[in-house]
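*Asks:* Coordinates for the following, if possible.
(chains A, B and C)
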Amino acid sequence: MGGATDILELLKKSKGRRIKVLVAKLGLDGHDRGAKVVARALKDAGLEVIYTGIRQTPEQVVETAIQEDVDVIGVSILSGAHIPLMKKLMELLREKGLDDVPVLLGGTIPIPDIPKLKELGIRNIFLPGTSLKEIIKETLEAALERREE
Amino acid sequence: MARLFNEETLKIIEERLKKWEKETLPKSLSKYPLRQDSFRTHSNIEVKGVYTPLDIRNMDYFEKLGLPGEYPFTRGIHATMYRGRIWTMRMFSGYGSAEDTNKRLKFLIEHGETGLSLAFDFPTLVGIDADDPMASGEVGVCGVSVSSIEDMEIIFDGINMGEITTNMTINPPAPVLLAMYVATAEKQGVPYDRIGGTTQNDPLKEFIAQKSYVFPPEPAVKLAMDVVEWSVRNLPKWNPISISGYHIREAGSTAVQELAFTIANGIEYVRHLINRGMDVDEFAPRLSFFFDSHINFFEEIAKFRAARRMWAKIMKEWFNAKKERSLWLRFHTQTAGVSLTAQQPYNNIIRTTIEALAAVLGGTQSLHTNALDEPFRVPSEFAAKLALRTQQIIAFETGVADTVDPLAGSYYVEWLTDKIEEEAWKYIDRIEMMGGMIEAVKRGYPQREITDASFRFQKEVEEGRRYIVGVNIFVEEEDEEIRNVPLLDINQKEIEMRQRERLRRLRERRDKARWERSLKNLKRAAEKGENVMPYILQAVKSYATLGEIMSTLKEVYGIWVEPPIY
Amino acid sequence: MTTQELDTLIDKAFQGDRASIGRLLTYIERSPLDASRILNKVMGGEGGGHVIGVTGIPGSGKSTLISKLISRYKEQGLRIAVVAIDPTSPLSKGALLGDRIRMQEHATDPRVFIRSVPTRGVKGGLSFSGVAMIEVFDKLGFDKIIVESIGVGQTDIDIMNLAHTILVVTAPGMGDEIQALKAGIMEIGDIYVLNKSDKPEANRTYAYLDFALETGEIGSEKLKWRPKLIKTSAALGQGIDELVKAVEEHLEFIKEYGIYSEKISARRRYMVRLLAEKLFTEKLEEIDEEIDIANRDIYLEAIKLINKVVSQLG
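*Replies:* Okay, here's the model as predicted:
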């Protein structure tokens, strides 16, 4: 698990460039506690966070990612509809040529679904109980790896 | 007047306490230093090492406690409480298609459930039909999908609606679902005076926490109060509103915030109904509440006791209610979903047991116990049964239900009850100063308070100042259980297809002219500000779908998008 | 980025490729050098866009109002860009950009492009990159470029002054706030909007604003334009037609009096000034250690510092 020092190291690696993250609530559930806590933690870690609000469609998320040209997309789903929604989102990202933008997912995800989601190309899946530190660290790593490409 | 302690006694205790602090305590401390700098409840209330009569030195028995079934009802709303009747075991359930849910309800009734509680899927909760593009992938996942009266008829097929009460967790579309329920019962031949149950129908907490809002705050409250007014006058056994702290708590609030915001919402509704010209004693007995029972054991018990006392006082002193029933805070409780963890999921059974016990010691009227697999999905049959058994063991084996309010008189519990009440009043005062909850919500005040609290809690967990077993203490790197929990299998695609197909046939079959007329009448009634319930009932009977009825209302009321609050 | 890559990106952006537009804006934000290369390619002449600045008291419903304006402009077949400014935390340098929430219904419309811009500190890149983005949107053929500001501070007034048309949004019951801002943003509006006018106390606030405008307490007559006061309820969609009409009248007016082009020149001058400031301050921070505090003639030391910055920048 990443400590605060890891996070500082990663931040140094970004060389003053601002890292921009989209935090999106996909689907109809309104459980935004997690998304907001994460958004705030990322902001406190020095990132620029675009928050979309609740009830977003995959189309809206992808378009927002395009307009804001974000480094990472973080999605929160607690409705159980993660498979069809993420499938659609990943398809759209590919279609629009954004397959290089790393996608992270958090929410109530049954363990058996994790391999399926990874297969769709989702980089990380955060279950309830994941620490903010870990989420920040993974987000930074995802952003930096993409830039190095 | 009945002061519990006289000055003489208090003086003696005070002297002995001083002596204890000087002599007994330091000896112990040198051997066993405190394991934390300070001990705090979830609401950040600092807890002392020991409580004595000094902490409740001015307590007047009848002012603060009274006897069970008597004002201010701190000890319970009934004189006998569970000695007469055990609380209603009401398990929130529903998933998949109407057929699946019908089967699950029958299963629960067979295993001793005493009241039904319907969970709806997200499309239903936000008032769209199963064939709406936004619903794709969500139909039947988190609850049962209901788009028309046909679905309701299937859910209750073979269940006598005159004999069982049903709770429906539904908010903006509450008038529509209630209309479907009533129309279905009517078809079963059940008279209005035997239709019993609850609609959650609490729009304000949607803005604060649950976020399945549809309309802006003012019309949302107006619509909800239509349901209250209509039910009070037509369905004598229906609880038209369940003023809910549950979702506020699940969104990360503290116990004090949950209590305060719920009561403040209740105040707003009461004002609205009085402004409509209703007599307070006409509707007040029909208001019910819904709270969370979290893991901080004594704080929860104190919260329930404080809630009853506060509400009784508000109804009596602010609103001049005369009937005794108007002063009762009757409530349903659900154990805290948010306290469950994905890690070592079987631990969730233990958490739920403790939370359920707190609800019982706090005098709840009905209870839902969460299943161990809920961090992942709606419960499997086995997990749901285990959760029900948890309640049954508390009720029939432990003896905790054999006397009323057994924790009364505990110096700590009474002090904490007072403290929580005091803190809750501060919030209520602030909201009153803003002009009531609608205004506070529009300013984002409760939303911001909750976001701050949940952020603080998360930080405490991460910094190891608060423990969660399996998450930041006693962590297992190789968590076998997490992989092996058997989960409910839902064939989502098939359910969605079936629901779409049923809707397509319904739209084809129905009497077009009658359907169109019913929606037109509804729109006109909404524009004129009439009570829309009778019109919605007509629309439902004319086979208008949930989505169609909600769209009609959206045209008149507009929709709500929340201000950005973090 | 090579010049060729940049050219391709610009070409694609001009062909309407949205991902390329998004990326172009990122380059503008990240590096003044890239920004100036991009502007070098696109500047010259006028794009013909109408820059509308929307400021006002926090909580007055600016974002919802903008969302409604977008709907109307879409109906007219126009292309709309939004530059939504949100504050950066001075401590963590992070930012939470949430103005979009109320405009998300337009997110997927090919005629709408919304970009959030953090302020990045008072002296930082906001103003420069914000202004540069306006320039780019103008050239890309957006008809309406709406700039939403945070509603406080001097930067806000500066930004607003770059707009062709300035909307100042207020809401009923904000008398104290209006009083407090009288010497600030309340002075600069071309059109004052009383939003949330469905509220009971709206009439009183309207009367107050009307009187204040009449007496010149707020607003100021610019040439022959008399600031207008429009009542709206963005949530209920009321008064939007009147607002759109007033905005068009103002546009016609500034075109007639040549103010339209003047504003563009002023905007560009300001942009260059902002870039100069940005480059200067950043360099200044870099050589902070070299300041000789032993030198008691601080005026002389300051001049030396300026020369040092200039020689290093050159």
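
*Asks:* from here on, contacts and neighbour counts on C-alpha atoms
*Replies:* Fine.

*Asks:* Please identify the helix or strand for whichever residue of the stretch 401-550 of chain B sits closest to chain A.
*Replies:* Among the residues of the stretch 401-550 of chain B, residue B:455 lies nearest to chain A; the distance is 5.7 Å by CA to the nearest CA. According to DSSP states H and E, residue B:455 maps onto helix B:445-462.

*Asks:* Run the chain-centre distance for that helix.
*Replies:* 20 Å (CA atoms, centre = their mean, to the nearest Å).

*Asks:* picking that back up, quick one: the residue of the stretch 401-550 of chain B closest to chain A from residue B:449, how far?
*Replies:* Distance from residue B:455 to residue B:449, counting by CA to CA, to the nearest Å: 10 Å.

*Asks:* Name the spans of chain A whose pLDDT lies under the cut-off.
*Replies:* A:1-5, A:14-16, A:147-149 (pLDDT under 70).

*Asks:* now swap in chain B and tell me
*Replies:* B:564-566.

*Asks:* Measure how buried residue B:407 is and give me the count.
*Replies:* Neighbour count of residue B:407, defined by other CA atoms under 10 Å in any protein chain shown: 17.

*Asks:* what's the answer for residue B:124, then?
*Replies:* Neighbourhood size, residue B:124 [other CA under 10 Å]: 27.

*Asks:* next helix or strand past the helix holding residue B:455?
*Replies:* Next element after helix B:445-462 (DSSP H and E): helix B:480-484.

*Asks:* contacting residues for residue C:214?
*Replies:* With contacts taken as CA atoms under 8 Å, 6 or more residues apart in numbering or on different chains, residue C:214 has no neighbouring residues.

*Asks:* Next to chain C, which bits of chain A? Give me the list.
*Replies:* A:17-18, A:39-40, A:42-53, A:59-60, A:63-64, A:66-69, A:96 (CA under 8 Å from any CA of the partner chain).

*Asks:* Now go through those and say which are in helices.
*Replies:* A:39, A:40, A:42, A:43, A:44, A:59, A:60, A:63, A:64, A:66, A:67, A:68 (DSSP state H).

*Asks:* Neighbour count and distance to residue B:229 added to those residues, as JSON lines?
*Replies:* Output for these, formatted as JSON lines (neighbours: other CA atoms under 10 Å in any protein chain shown; distance: CA to CA, whole Å):
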{"residue": "A:39", "neighbour count": "27", "distance to residue B:229": "41"}
{"residue": "A:40", "neighbour count": "23", "distance to residue B:229": "42"}
{"residue": "A:42", "neighbour count": "28", "distance to residue B:229": "46"}
{"residue": "A:43", "neighbour count": "24", "distance to residue B:229": "46"}
{"residue": "A:44", "neighbour count": "18", "distance to residue B:229": "47"}
{"residue": "A:59", "neighbour count": "16", "distance to residue B:229": "41"}
{"residue": "A:60", "neighbour count": "21", "distance to residue B:229": "40"}
{"residue": "A:63", "neighbour count": "25", "distance to residue B:229": "45"}
{"residue": "A:64", "neighbour count": "26", "distance to residue B:229": "44"}
{"residue": "A:66", "neighbour count": "24", "distance to residue B:229": "49"}
{"residue": "A:67", "neighbour count": "23", "distance to residue B:229": "48"}
{"residue": "A:68", "neighbour count": "24", "distance to residue B:229": "48"}
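
*Asks:* Using CSV, lay out the residues you listed together with distance to residue B:85.
*Replies:* Output for these, formatted as CSV (distance: CA to CA, whole Å):
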residue, distance to residue B:85
A:39, 47
A:40, 47
A:42, 51
A:43, 52
A:44, 52
A:59, 53
A:60, 52
A:63, 57
A:64, 56
A:66, 60
A:67, 61
A:68, 59
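
*Asks:* filter those residues down to the ones close to chain B.
*Replies:* Okay, of those touching chain B (CA under 8 Å from any CA), that's residue A:40.

*Asks:* Check whether residue B:236 really touches residue B:193, as I assumed.
*Replies:* Yes - between residue B:236 and residue B:193 there is a contact under CA atoms under 8 Å: 5.6 Å.

*Asks:* rewinding a little: looking at residue B:455 and residue B:449, which has the bigger crowd around it?
*Replies:* Each of residue B:455 and residue B:449 has its neighbours counted (other CA under 10 Å); residue B:455 has more, 20 against 16.

*Asks:* How much space separates the more buried one from residue A:137?
*Replies:* Counting by CA to CA, the gap from residue B:455 to residue A:137 is 18 Å.

*Asks:* do the same with residue B:277
*Replies:* 58 Å.
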